[in-house]
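model the structure of this input:
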Amino acid sequence: MVRTPLTPEERERGERLGRLLRDARGVRSMVAVAAEAGLSAETLRKIETGRAPTPALFTVAALASVLGLSLDDLVERCELLPA
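You can find the predicted model right below:
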């Protein structure tokens, strides 16, 4: 299966999500947050750095729950503003 390349907008949205999650994590360790969300630290690292710009909804939902974020707020804050 060949995956369609991401658009620049999709990459930007993934980077924005990563920044939001990293900021929400604060001083908590990546390993602790990932474990609490049921993920590997490497998965969280990829999301936070934008290397995994389109994580699964269930992954984002688990992270949002652990970090005390609402999915609605994340969606709103990750949307790109029209140019």
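
what's the weakest-modelled helix or strand in the protein?
helix 71-78 (a mean of 89; mean pLDDT, DSSP states H and E).

does anything pack onto that helix? Which helices or strands?
Packing partners of helix 71-78 (3 or more C-beta pairs under 8 Å, 6 or more residues apart in numbering; DSSP states H and E): helix 8-25, helix 57-67. For glycine as for every other residue, the C-beta is placed from the backbone atoms N, C-alpha and C.

mind doing that once more with 6 Å?
helix 8-25 (3 or more C-beta pairs under 6 Å, 6 or more residues apart in numbering; DSSP states H and E).

please enumerate residues in contact with the helix it packs on?
Outside helix 8-25, the residues that touch it by C-beta atoms under 6 Å, 6 or more residues apart in numbering are 33, 47-48, 50, 53, 63, 67, 69, 77-78, 80.

could you check the angle helix 57-67 makes with the least confident helix or strand of the chain?
Angle of helix 71-78 versus helix 57-67, following axes from the mean of the first three to the mean of the last three C-alpha atoms, to 10 degrees, is 100 degrees.

now find how far off-centre helix 71-78 is within its chain.
Taking the mean of its C-alpha atoms, helix 71-78 sits 11 Å from the chain's own mean (C-alpha atoms, centre = their mean, to the nearest Å).
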